[in-house]
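**Student:** From the sequence below, what's the structure:
(one chain, ligands or ions: 2)
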Amino acid sequence: MKQLMLGNAAFARGAYEAGVTVAAAYPGTPSTEITENIAKYKEVYAEWSPNEKVALEVAIGASIAGARALCCMKHVGLNVAADPLFTASYTGVNGGLVIIVADDPGMHSSQNEQDSRFYARSAHVPMLEPADSDEAKEYVRRAFALSEQYDTPVIVRSNTRVSHSQGLVDIKDREDVPLKPYIKDIGKYVMMPGMARRRHVIVEQRMKDLKEAANSMDNNTVEYNDKSIGIITSGVVYNYVREALPDASVLKLGLIYPLPEKLIREFAQKVDKLYVVEELEPFFENLIKAMGIPVTGKEIFTVQGEYSANMIAERIGGKKIDVKNPGVLPQRPPVMCPGCPHRAVFYMLKKLGLTATGDIGCYTLGALPPHAGLDTCVCMGASIGNALGMEKARGKEFTRKLVAVIGDSTFFHSRSCPAPLYRYLHAIRVHFRASVLHID
Ligand SMILES: Cc1ncc(C[n+]2csc(CCOP(=O)(O)OP(=O)(O)O)c2C)c(N)n1
Ligand code: SF4
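**Tutor:** Ligands and ions are numbered 1, 2, ... in the order given. The predicted model follows:
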């Protein structure tokens, strides 16, 4: 049966069909709806954890205990979850463990434009990237199979367009995946130096095996057409490439780490001019150049923002799509809702002439006119540390006019307490709503 689905609903469906029973996440656009959707399946325990690190730890625990487990976050969340990720790569899994991470090229709702593919490379774990809703569902299913086959966490990378576009999805039944037996195994799950050294050898062999297998995985597909131009691409950008250059030959990578070196060499030999078209960093490009294969990429493409079919047609020379120019629309930056309690706080901060270190949430808008009552915003939980640093740099006198502003979710995000404690603390959360913490 086919169903029209948001990419994020399709990711959730993929996990459901793969027999997942535990899902943990911390929200963040564009990943949030994955967990909202998986929570609707009664067979799955789903929780918002206080932060991404705890979410991944919960998923790792579930996996070690024998369940298939899912963990979701936005790209910056993977920075927070990096600590457990790098060691989970060594422990491997029992039940399959899949992490979905959603990048945000163009920063529609993020504080930076980081490229999460580098995490797959440095943590030595495989990464898949779907191009649409149907693949979103299917790749999550495959990711669970890969995870158990190669004894590794698997990352599935999304981005704003894949997560927030709708497409037809081929719905299947839920697999019956029995809970695996839990076997105590300190050599595998207690990562102290003696054990970790042995596990590292296994990790390296696993990545070699995956690299070899990548050459024949059907996630990596070659479409030979006119061989004067060959494009290597992945994810949503594949759709733009097909639209701009319908006659070009294309190697579409579905497993985006490790790369299928033999397949890439074969493709490169068969085309006259090879391009890599990838949003954000020259990740494929550098790995392919390191194979000694000449390729054109970021000489003609930017590392900033989102691509489009027309941009690709302009740079490589393809079919431009006639887009009706909507004219110049007035800029409408986001503003706090009318009557938002934050408004009064920032009104006073400005009126009192205070320096206010800020954090991430609706209240970050307090930096903009007319309030203009916020001085910094770095990452979730940074305001308190920033204020302390300012005090240490400038002394007590400066601190008399210094405040740190933080929201409740952001406050707890930095505290790393497990979900049950977080729920227990719910009673006092209300006091942090629109709260201002005076550091003095
Ligand atoms: C590491 C990380 N995870 C998630 C996000 C996405 N995010 C930004 S602010 C926020 C919630 C903020 O809630 P709160 O602090 O309560 O402030 P409010 O917006 O409610 O005022 C989330 C989930 C992020 N920017 N960084
Ligand atoms: S906290 Fe955010 S959502 Fe709530 S009223 Fe203020 S601006 Fe609106």
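**Student:** Enumerate every residue touching the spatially most central residue of the chain.
**Tutor:** By C-alpha atoms, centre = their mean, the chain has its centre lying nearest to V101, at 2.4 Å. Taking C-beta atoms under 8 Å, 6 or more residues apart in numbering, we find V101 in contact with 31, 72-75, 77-78, 116, 119, 155-158. In this view, the C-beta of every residue, glycine as well, is placed from N, C-alpha and C.
**Student:** 7 Å - rerun?
**Tutor:** Contacts here follow C-beta atoms under 7 Å, 6 or more residues apart in numbering; on that basis V101 touches 73, 75, 78, 116, 155, 157.
**Student:** Which strand residues bridge the fifth one?
**Tutor:** Each beta-bridge partner of I155 is listed here: I99, M127, as defined by DSSP bridges.
**Student:** Verify the stated contact: it with H124.
**Tutor:** No - in this structure, I155 is not within contact of H124 by C-beta atoms under 7 Å, at 11.2 Å.
**Student:** more crowded one of those two?
**Tutor:** Between I155 and H124, counted using other C-beta atoms under 10 Å, I155 has the larger neighbour count: 26 against 18.
**Student:** what's the burial count for the residue nearest to Y26 when sequence neighbours are not counted?
**Tutor:** Computed as C-beta to C-beta, 6 or more residues apart in numbering, the closest residue to Y26 that is not its neighbour in sequence is E52, at 4.6 Å. E52 is flanked by 31 other residues according to other C-beta under 10 Å.
**Student:** what's E52 in contact with, if anything?
**Tutor:** Shown in contact with E52 (C-beta under 7 Å, 6+ apart): 26, 73, 77-78, 80-81.
**Student:** 6 Å instead, please
**Tutor:** Neighbouring residues of E52 by C-beta atoms under 6 Å, 6 or more residues apart in numbering: 26, 73, 77, 80-81.
**Student:** So which of those wins on neighbours?
**Tutor:** Counting neighbours by other C-beta under 10 Å, the top entry in these is M73, with 30 neighbours.
**Student:** which SSE is that residue in?
**Tutor:** Element membership of M73 [criterion: DSSP states H and E] is strand 69-74.
**Student:** which residues touch that strand?
**Tutor:** With C-beta under 6 Å, 6+ apart as the test, strand 69-74 has contacts from 15, 20, 22-26, 28, 31, 34-35, 52, 55-56, 59, 62-63, 97-102.
**Student:** now the end-to-end length of stretch 304-318.
**Tutor:** The first and final residues of stretch 304-318 sit 21 Å from each other (C-alpha to C-alpha, to the nearest Å).
**Student:** what's around the residue in the stretch 201-350 of the chain that ligand 1 sits nearest to, how many residues?
**Tutor:** For the stretch 201-350 of the chain, the residue closest to ligand 1 is H342, as judged by C-beta to the nearest ligand atom, at 6.7 Å. Neighbours of H342 under the rule other C-beta under 10 Å: 22.
**Student:** That one reaches Y363, doesn't it?
**Tutor:** Yes - counting by C-beta atoms under 6 Å, Y363 is a contact partner of H342 at 4.7 Å.
**Student:** before we move on, back to that, among the contacts of strand 69-74, which are in strands?
**Tutor:** 22-25, 97-102 (DSSP state E).
**Student:** out of those residues, what pair is the most spread apart?
**Tutor:** Greatest spatial distance among these (C-beta to C-beta): V22 and A102, at 19.8 Å.
**Student:** Neighbour count: these two, which is higher?
**Tutor:** A direct count of neighbours by other C-beta under 10 Å for V22 and A102 places A102 higher, at 30 against 22.
**Student:** the bottom helix or strand of the protein by mean pLDDT?
**Tutor:** Lowest mean confidence among the helices and strands of the chain (mean pLDDT, DSSP states H and E): helix 426-429, at a mean of 38.
**Student:** ok, back up a step: list just the nearest of the contacts of V101 to K351.
**Tutor:** K351 has its nearest neighbour among the contacts of V101 in H75, at 36.9 Å by C-beta to C-beta.
**Student:** From Q111, how far off is that closest one?
**Tutor:** H75 sits at a distance of 10 Å from Q111 (criterion: C-beta to C-beta, to the nearest Å).
**Student:** The two - which one has more neighbours?
**Tutor:** Just comparing H75 and Q111: by other C-beta under 10 Å the higher neighbour count belongs to H75, 25 against 15.
**Student:** got the contact list for that one?
**Tutor:** Listed by C-beta under 6 Å, 6+ apart, the contact set of H75 reads 101, 103, 114, 116.
**Student:** residues from the protein in reach of ligand 1?
**Tutor:** Residues of the chain found near ligand 1 (C-beta under 6 Å from any ligand atom) are 26-28, 52, 74, 76-77, 80, 360-363, 380, 407-410.
**Student:** List the buried residues in stretch 101-111.
**Tutor:** 101-106, 110 (16 or more other C-beta atoms under 10 Å).
**Student:** Pipe the residues you listed into CSV and attach distance to V323 per row.
**Tutor:** Shown next, in CSV, are the buried residues of stretch 101-111 (distance: C-beta to C-beta, whole Å):
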residue, distance to V323
V101, 31
A102, 26
D103, 24
D104, 23
P105, 19
G106, 17
S110, 26
